[in-house]
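In: sequence below, structure please.
(chains A and B)
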Amino acid sequence: MTAILTNLFDGVAYGMLLFVLACGLAVTLGLMNFVNLAHGAFAMAGGYVCMVLVNRLGWPFFAALPLAFVSAAAIGIVLERTLYRHLYTRSHLDQVLFTIGLTFMSVAAVDYIQGSSRVFINLPAALQGQFDVFGVGIGRYRLMIVVICGLLTIALQMVLAKTRFGSRLRAAVDDPRAASGLGINVPQVFAFTFAFGCGLAGLGGALSAEILGLDPYFPLKFMIYFLIVVTVGGSSSITGPFLASLLLGIGDVAGKYYVPKMGPFVIYTMMIVILIWRPNGLFGRTAAR
Amino acid sequence: MSASSDVGYHAQRQARWHYGEVAFWLIVLGCGFLFPTRYLIMTDILRLALFAMSLDLILGYAGIVSLGHAAFFGVGAYAAGLLALHGIINEPVLALIVAGLAAMVLGFATSFLVIRGVDLTRLMVTLGIALLLEALAERFSNITGGTDGLQGIEMQPIFGQIPFDMFGKAGFFYSLAVLFLLFLLARRVVHSPFGLSLRAIKNNPLRAAAIGIPVNRRLIAIYTLAAFYAGIAGALFTQTTAIASLDVFAFERSADLMLVLVIGGTGYLYGGLIGAVVFRMLQEWFSTITPQYWQFWIGLVLVVIVLVGRQRLHRWVLFVPNLIIKQVAGRKAVVAVPESDA
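Out: Okay, the predicted model is just below:
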């Protein structure tokens, strides 16, 4: 019984991590209809920035996390302004080719700069080990992830639902023409959202080094996971991808624990079945744009 | 001239063999005799060309974007490897066809999943199928040899007469023969009324359905055929290299394939062949400059191609040939990439 609860907790932590990693993609892919297969590259950038700051320069872990966010967001906004924005109106094939190219470049570049082996971030002692709550083993690091990601999710939901920027974004997504007619600077809103999504991915990358493993092939290895979160979760709200991430996280951890031989088989089958059954995602709107 | 016979006239003119095409195949054949030390890489190019032609059939003619075409390549590769390893079918040509059929069955089965939904769903589903097969191959490592791959494959002579030699000469001409035969078939298919209806579907599925084309059935048919081609390419890979390992299913293989086709251009069958030559040369060149990081430059090529624009790039490349043709023949240039966007 306690093993099940521990697994469940690990799954939730894993799922929340996936959500932070993928929710930027939910905006670009789901809302702006741009196929960004290079999303994992931003996560990797954040992870490596955090690693360099903590391991080489001796920064404290919690000070390096915001910088992982900022640096990934900065790379995101530069690329958005210079390259991505030319491709919003192009065909999906062009977008796929372009972002695959970017992914290959990022993989080779990181391999060149940091080597191809897996890297670890030195964690403070306070985050290591686990403690028992009524016999259920809870990892300190995973607990921190759940707390951080949970807060982020709530904050995101609040921003989207309550603030002026949130309503601008929703308007720009629903109908860009009408939104710009109302005086909303649509490209600016999109650029800002894109950068913020990249920043979140960077933060997720830094947090995930301990759990998912961080090496130059990160963008390729986890691309499918991000895509699953977005396509299964749909794009109508934050809650869809959030639930999809939790489902994926719990499913993956349980799958690896109980049927280790089947590996990722379960996840891929689930994805294909869901996509066939509901092409717009489990929680998606019926009319895809 | 009525409209319908006009269409027929143009379709027939398009389908006729041009001098350029004959010259192209003679050059390819000539390469086989001119560079006897380069059989291995030339065989590699032929395999890639066949694989790219398979993607061209669905991408260039039917407009299906696939990120998981390696699935069929892998099935063909493993089928051919297993057939040879366990001595079920020793004759390579027969084994090749059986491997192709195995991929074809998978293609038929998965085509029902692929024709549903829009571009994005298709991308995901094709990618998912390839990953699923990779996971399966890893899971059943007692059959597939897991990460070590199938080892100890010994190929019997072709038709019981021509043995595979270590310089790859037999392998090269065998691959060339297969490629040419399948090219003839593909050429016949795309210029037939069936092929024309595929183009109609690609341009506008709704209109195609309105004029009475059974859209889904046509897409299933071409997807199945493309799977057969990819399976043959995979089987050729196993037969000429005597290896089949997990990386036949890898995502990089599908992604590289896209690049091959993008370099060569889609929708005129030669795109895959030309693209394969250019791609392999680029790859060779990059790996001599930076052995470990050639992927970076491949990525850069992709990014630049997309940013410049595929049509514009093809126009630039064809500018000089067209100019020459205009001057020499004194008529409108014929060298052109017919299809615009995929």
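In: other SSEs contacting the helix or strand encompassing B:L120?
Out: According to DSSP states H and E, B:L120 maps onto helix B:119-139. Under the contact criterion of 3 or more CB pairs under 8 Å, 6 or more residues apart in numbering or on different chains; DSSP states H and E, helix B:119-139 touches helix A:92-114, helix A:218-233, helix A:265-277, helix B:70-85, helix B:92-114, helix B:251-264. Glycine gets a C-beta too; all of them are placed from N, C-alpha and C.
In: between helix A:92-114 and that helix, find me the angle.
Out: Angle, helix B:119-139 to helix A:92-114, by axes from the mean of the first three to the mean of the last three CA atoms, to 10 degrees: 50 degrees.
In: quick one: average pLDDT of helix B:119-139?
Out: Helix B:119-139 carries an average pLDDT of 85.
In: what does stretch A:175-190 give?
Out: 89.
In: stretch A:219-239 now?
Out: 82.
In: would you indicate which residues of that stretch are buried?
Out: Neighbour-count burial for stretch A:219-239 flags A:219-220, A:222-238 (criterion: 16 or more other CB atoms under 10 Å in any protein chain shown).
In: go ahead and confirm A:G213 touches A:G47.
Out: No - here A:G213 does not reach A:G47: they are 9.9 Å apart, not a contact under CB atoms under 8 Å.
In: of those two, who's got more company?
Out: A:G47 (29 against 15; other CB atoms under 10 Å in any protein chain shown).
In: what about the more buried one, distance to chain B?
Out: 19 Å (CB to the nearest CB, to the nearest Å).
In: ok, how many other residues are close to the residue nearest to that residue when sequence neighbours are not counted?
Out: Spatial nearest neighbour of A:G47, excluding adjacent residues (CB to CB, 6 or more residues apart in numbering or on different chains): A:G205 at 3.5 Å. Using other CB under 10 Å, A:G205 is surrounded by 32 other residues.
In: my read is that A:G205 contacts A:M51, right?
Out: No - using CB under 8 Å, A:G205 is not in contact with A:M51, being 9.6 Å away.
In: who touches both of those two?
Out: Applying CB atoms under 8 Å, 6 or more residues apart in numbering or on different chains, one finds that A:G205 and A:M51 are jointly contacted by A:L214.
In: please identify the helix or strand for the closest residue to B:L96 other than its chain neighbours.
Out: Residue nearest to B:L96 in three dimensions, not counting chain neighbours: B:A235, with 4.9 Å by CB to CB, 6+ apart. Using DSSP H and E, B:A235 maps to helix B:215-241.
In: run the angle between that helix and helix B:70-85 for me.
Out: Here the directions of helix B:215-241 and helix B:70-85 differ by 50 degrees (the same axes, to 10 degrees).
In: quick check: buried residues in helix B:215-241?
Out: B:215, B:218-241.
In: cool, and stretch A:94-102?
Out: Neighbour-count burial for stretch A:94-102 flags A:D94, A:Q95, A:V96, A:L97, A:F98, A:T99, A:I100, A:G101, A:L102 (criterion: 16+ other CB under 10 Å).
In: roughly how far is it from the heart of the chain?
Out: Centre-to-centre, stretch A:94-102 and its host chain are 19 Å apart (CA atoms, centre = their mean, to the nearest Å).
In: state the mean pLDDT of that stretch.
Out: Stretch A:94-102 carries an average pLDDT of 92.
In: same thing with stretch B:97-109?
Out: Per-residue pLDDT values across stretch B:97-109 average out to 95.
In: with stretch A:20-29 instead?
Out: For stretch A:20-29, mean pLDDT is 85.
In: then stretch A:122-136?
Out: Average pLDDT, stretch A:122-136: 77.
In: quick one: residues in contact with it.
Out: Contacts for stretch A:122-136 (CB under 8 Å, 6+ apart): A:2, A:5-6, A:9, A:54-55, A:60-62, A:137-141, A:144, A:210.
In: so which of these are also by chain B?
Out: The overlap between those and the neighbours of chain B (CB under 8 Å from any CB of the partner chain) is empty.
In: which of those lies closest to chain B?
Out: Chain B lies nearest to A:N55 out of the contacts of stretch A:122-136, by CB to the nearest CB, at 23.2 Å.
In: can you verify my assumption that that closest one contacts A:I121?
Out: Yes - here A:N55 reaches A:I121: they are 6.6 Å apart, a contact under CB under 8 Å.
In: between the two, which has more neighbouring residues?
Out: Using other CB under 10 Å as the criterion, A:N55 and A:I121 rank with A:I121 on top: 20 against 14.
In: which SS state does that one fall under?
Out: When classified by DSSP: H, G, I helix; E, B strand; the rest coil, A:I121 comes out as coil.
In: so how far is A:I145 from it?
Out: 13 Å (CB to CB, to the nearest Å).
In: got it, and A:P279?
Out: Distance, A:P279 to A:I145, by CB to CB: 32 Å.
In: over to A:T239?
Out: From A:T239 to A:I145 the distance is 19 Å (CB to CB).
In: list the contacts of the residue nearest to B:M258 when sequence neighbours are not counted.
Out: Nearest residue to B:M258, sequence neighbours excluded (CB to CB, 6+ apart): A:L97, at 6.0 Å. Counting by CB under 8 Å, 6+ apart, A:L97 makes contact with B:M258, B:L259, B:V262, B:L302, B:I305, B:V306.
In: ditto for A:F69
Out: By CB under 8 Å, 6+ apart, the neighbours of A:F69 are A:G46, A:G199, A:L200, A:G202, A:L203.
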